[in-house]
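> Next input, structure requested:
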Amino acid sequence: MAEETYFDRISAQIKTGKEPYQWYRNRIKELGTPNTAELLRSGKLNKQPTPKHLNMFIYAPKGAKKLPYYDTFPLIMYLKPAEGGFYGLNFHYLPYAMRARLLDAAGQDKLSVSAVEGSRLTKPTIKRYLYGYLRSMCLKIEPEDNLTAIMLPVQRFKKASTATVWADSRKMI
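Purely as a prediction, here's the structure:
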């Protein structure tokens, strides 16, 4: 039998599938924050992010020295290809309630790029990722785990605090 994953433990507690985001935040606090390795072992890994799914991976950006801050463990929704990589919406750049609004706008189960195009919420989240700087395989998040994934406090910002990043994001919106 396969080892129970972090997502399995949260799923076992879901009663209706429509629990409010605060319910998820409370369950995550009870279970504790998973580490990067635990999350990457909890699902299907791919060499590239899977479109129409949320994806997590370890990342070391090319221009890290020049960036004011960056996330080394992004949670992205794939947008489109770019030369040498891709564009994605990194949900970690938004506070939890805004992440839930963006996920809802994208269509929680079947993520739609067209549904979020032009949304003000996407402005601080659009990032370019280069394949040569991915430091792990990409974890494909199953649709039933999307809400859990966006509520996990696993952002790994370098050079700035989460509060600073979120404040800057709010200013952009």
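
> Okay, strands next: where are they in the protein?
44-46, 54-56, 70-71, 75-82, 85-90, 126-130, 138-141, 157-158 (DSSP state E).

> and those, which is most packed in?
Mean neighbours per residue, mean count of other C-beta atoms under 10 Å, is largest over the strands of the chain for strand 54-56, with a mean of 26. The way it works is simple: take the backbone N, C-alpha and C, and place the C-beta from them, glycine included.

> What does the closest residue to Thr162 other than its chain neighbours show for phi and psi?
Spatial nearest neighbour of Thr162, chain neighbours left out: Gln155 (5.9 Å); criterion: C-beta to C-beta, 6 or more residues apart in numbering. Torsion angles at Gln155 (phi, psi; degrees, to the nearest 10) stand at phi -60, psi 140.

> Need the residue closest to the centroid of the chain.
The centroid of the chain falls nearest to Leu75 when counting by C-alpha atoms, centre = their mean (2.0 Å).

> how far away is that one from Lys65?
24 Å (C-beta to C-beta, to the nearest Å).

> related to what we said a few turns ago, what pLDDT does the residue nearest to the centre of the chain get?
Note for Leu75: predicted pLDDT of 98.

> That one reaches Ala149, doesn't it?
Yes. Judged on C-beta atoms under 8 Å, Leu75 makes contact with Ala149 at a distance of 6.1 Å.

> Now stretch 154-170: buried residues?
Val154, Gln155, Phe157, Thr162, Val165, Trp166, Ser169 (16 or more other C-beta atoms under 10 Å).
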